[in-house]
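[1] I'd like to go over a predicted model; first the sequence, then the structure.
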Amino acid sequence: MTTIAANLQAIKDRIARACAMCARNPDSVSLLAVSKTFGADAVLDAARAGQRLFGENYIQEAVQKMADVALQHPPQLVWHCIGPIQSNKTQLVAQHFDWAHTVDRAKIARRLNDQRPPQLPPLQVCIQVNVDGGATKSGLPVQEAVALAREAAQLPRLRLRGVMSIPDPLPDFDAQLAVHQRVRAAFDAIAAALPANHSGFDTLSLGMTADLEAAICAGSTLVRVGSGVFGARHYPPGG
């Protein structure tokens with residue numbers, strides 16, 4: 001077993017223990033392996049161990065990585081954009097990714113919709129909410145997120161799936177749980193505000209390597225784990 005395969009199993013075991021702690025079915029929580037800064041070989045190693053969902057923050061790096069991975073003809077992988085989306089990058093996201101977690105402006109949602117190729121299925125999107133940060137932190141307060149969700153739900157080339165959040169790191173389980181429960185409350189508020197005929201709003205993208213247990217106990221359906229799977233990252237200067 002490779003190191004990445006062993007790490008994947010260890011994270012899956014943590015997910016299972018967290019689900020047992022809060023009486024949830026482990027199958028209700030998916031693992032997104034965050035492969036930013038790691039190369040195609042690391043993705044392929046994880047894919048050979050059965051991982052199918054991969055998250056990327058840096059859009060141009062990700063598109064090249066997807067092409068490099070595809071040359072090896074792996075099983076079908078699902079690519080999630082979990083980094084900030086600037087207007088000049090929406091076309092790359094719309095053309096190459098399956099999911100976008102970080103929609104936080106109507107302009108971005110409309111551009112993703114308009115640039116999604118018609119031969120591809122709708123882009124799966126989450127609204128990024130901010131329940132604990134200041135004005136410079138990515139994500140929307142709840143009421144603004146509700147308004148954006150209502151608009152995104154009407155765009156035909158998008159499928160609104162849920163909410164994503166990146167709370168600031170906290171030192172212990174109780175503090176983590178409290179802020180994660182605020183994200184869950186935001187998810188519930190948005191779900192209640194959507195049209196009655198909107199289906200598939202089912203994804204709470206919440207929790208990372210350090211806090212996945214608290215996120216799962218708050219209701220996360222998808223945890224984003226990078227270092228816990230691939231090891232410590234080494235960023236390039238300025239990256």
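    Here it is on my side, so go on. No experiment lies behind these values; they were computed from the predicted model shown. Residues are numbered from 1 along each chain as shown.
[2] Return the distance of K107 relative to E151.
    The gap separating K107 from E151 is 11 Å, by C-beta to C-beta, to the nearest Å. C-beta: built from backbone N, CA, C; applies to glycine.
[3] So which elements touch the helix ranked longest in the chain?
    In the chain, assigned by DSSP state H, the helix with the most residues is helix 173-193. The elements that helix 173-193 packs onto, with contact taken as 3 or more C-beta pairs under 8 Å, 6 or more residues apart in numbering; DSSP states H and E, are helix 142-152, strand 158-164, strand 203-205, helix 212-218.
[4] same thing but 10 Å
    strand 123-128, helix 142-152, strand 158-164, strand 203-205, helix 212-218 (3 or more C-beta pairs under 10 Å, 6 or more residues apart in numbering; DSSP states H and E).
[5] Any chance of a markdown table for those, columns mean pLDDT, mean neighbour count and distance to V78?
    Rendered in a markdown table, the data for the helices and strands packed on helix 173-193 read as follows (pLDDT from 0 to 100; neighbours: other C-beta atoms under 10 Å; distance: least, C-beta to C-beta, whole Å):
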| stretch | mean pLDDT | mean neighbour count | distance to V78 |
| --- | --- | --- | --- |
| strand 123-128 | 98 | 26 | 9 |
| helix 142-152 | 97 | 19 | 20 |
| strand 158-164 | 98 | 24 | 12 |
| strand 203-205 | 98 | 25 | 12 |
| helix 212-218 | 98 | 24 | 19 |
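[6] Export the ones you listed as CSV, with columns for distance to R233.
    Putting the helices and strands packed on helix 173-193 into CSV (distance: least, C-beta to C-beta, whole Å) gives the following:
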stretch, distance to R233
strand 123-128, 21
helix 142-152, 29
strand 158-164, 20
strand 203-205, 20
helix 212-218, 18
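[7] which stretch among those comes nearest A232?
    Within the helices and strands packed on helix 173-193, the stretch nearest A232 is helix 212-218; the backing value is 17.4 Å (C-beta to C-beta).
[8] Now find how far off-centre the helix or strand harbouring D114 is within its chain.
    Secondary structure assignment for D114, by DSSP states H and E: helix 106-115. The gap between the average C-alpha position of helix 106-115 and the chain average comes to 18 Å, counting by C-alpha atoms, centre = their mean, to the nearest Å.
[9] List the contacts of that helix.
    Counting by C-beta atoms under 10 Å, 6 or more residues apart in numbering, helix 106-115 makes contact with 81, 84-95, 97, 100, 102-103, 105, 122-123, 125, 127, 144, 147-149, 151-158, 160, all of which sit outside it.
[10] got the CA positions of that helix in CSV?
    Listed in CSV are the C-alpha atoms of helix 106-115, where the atom choice follows Å, rounded to 0.1, in the frame of the first residue of the first chain:
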residue,chain,number,x,y,z
ALA,A,106,-24.1,37.0,-9.2
LYS,A,107,-21.7,38.1,-11.9
ILE,A,108,-19.6,34.9,-11.5
ALA,A,109,-22.7,32.7,-11.4
ARG,A,110,-24.0,34.3,-14.7
ARG,A,111,-20.6,33.9,-16.4
LEU,A,112,-20.2,30.3,-15.4
ASN,A,113,-23.7,29.6,-16.7
ASP,A,114,-23.1,31.4,-20.0
GLN,A,115,-19.7,29.8,-20.6
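[11] That helix - what's its average pLDDT?
    Mean pLDDT, helix 106-115: 98.
[12] swap in stretch 223-235?
    Mean pLDDT, computed over stretch 223-235, is 90.
[13] For that stretch, list every residue counted as buried.
    Within stretch 223-235, the residues that qualify as buried by neighbour count (16 or more other C-beta atoms under 10 Å) are 223-226, 228-230.
[14] Tell me which of those residues fall in helices.
    Residues from those lying in helices, with DSSP H as the criterion: 228-230.
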